[in-house]
Structure formats: structure tokens, C-alpha cells
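>>> everything below, folded, please.
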Amino acid sequence: MTKIVKSPGCGNSPKNLLVQTLAIAIEKSDRAAFSRCVTDDISWALPGRKTLEGRGAALAYLKTRRSAAPPKINVKRAISHGRAGAADGAVVLSSGLTRGFCHVVEFSSIKGDSIGSIASYYSDLGDNS
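Residues are numbered from 1 along each chain as shown. Just a heads-up that it's a prediction; the model follows:
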């Protein structure tokens, strides 16, 4: 079971909460939660690697990411302004290594009830000792 430490700043902001929910879904490779957050024509950029076009391609990628949920996900911040948002934090992997993440999103509309594009950035932070 994954221990999740959520950002303290999502309380009254549905957009911030959606960004945080998406970040957790990506880091857990939770395809059902991811699917609820994004549009059918999602564009997901993984800079330096590839860009996934469409919900089907994104879900297929999530399926290949890892076989087990990580022990811990810490969402440090989840923010939004207008049609943009971002969440950053760190994931403790089952190997014990920690990997930083930042997911920058664009909402499909100003209402902010779904996400139309994502750019995901990662950094290796080292061991968890």
C-alpha cells in the first residue's frame, strides 16, 4: 500500500485538487484515476523521450511503467492559475531510491474540470537514507 502525503494547499481549490489527483495517479500508475482526470484527446509530453497522444496511448504507457505501487508519494505543491497548473514532489520507489517529479498541466477549459495536456519532468534524487 502506498503512503501518500498530500499537499496542504488543495483545501478549497478544485483545480489544485485535480492537479494533485492527476500527479498521484501518474506516480501510482493508477489508470482509472488518471482516466477520470484527462480528456479523450490528452497530449502527454515526456520531454527527451516521447509525446503520447490520446487517452488510449497514455493509459497503455501507464500500464508499462511499473508492476507495483511505490511505497510513498509526497506531493509537495499542487497549484493552478487560469488554465495552467502544476504539481511537484517525490516518490520513494520500491528499490529505495527517491525520484523527484513535476507535472505541468493545461486544463481543457477555464472551468478546470479536466486536463488536456501534461508535461512530466523527473529527476533522480538518490537513495532514501
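>>> following the one helix or strand Leu59 maps to, which helix or strand comes up?
Using DSSP states H and E, Leu59 maps to helix 55-65. Toward the C-terminus, helix 55-65 is succeeded by strand 72-81 as the next helix or strand (DSSP H and E).
>>> tell me which strands that next one pairs with, and in which orientation.
Strands adjacent to strand 72-81 in the sheet, as given by DSSP bridges, are strand 3-5 (parallel), strand 84-92 (antiparallel).
>>> so which of those is the most packed in?
strand 84-92 (a mean of 21; mean count of other Cβ atoms under 10 Å). Where you see a C-beta, it was placed from the backbone N, CA and C, and this is true even at glycine.
>>> residues touching that one, excluding its own?
5, 7, 15-16, 18-20, 22-23, 27, 70-80, 98-107, 112, 125, 128 (Cβ atoms under 8 Å, 6 or more residues apart in numbering).
>>> are any of those residues buried, and which?
By neighbour count, with 16 or more other Cβ atoms under 10 Å, those hold 7, 15-16, 18-20, 22-23, 27, 70, 72-80, 98-99, 101-105, 107, 112 as buried.
>>> and stretch 93-101, how far out from the chain middle?
Put simply, stretch 93-101 sits 15 Å off its chain's centre (Cα atoms, centre = their mean, to the nearest Å).
>>> by how many degrees do the longest strand seen in the chain and strand 84-92 diverge?
Counting by DSSP state E, the longest strand found in the chain is strand 115-127. Here strand 115-127 runs at an angle of 30 degrees relative to strand 84-92 (axes from the mean of the first three to the mean of the last three Cα atoms, to 10 degrees).
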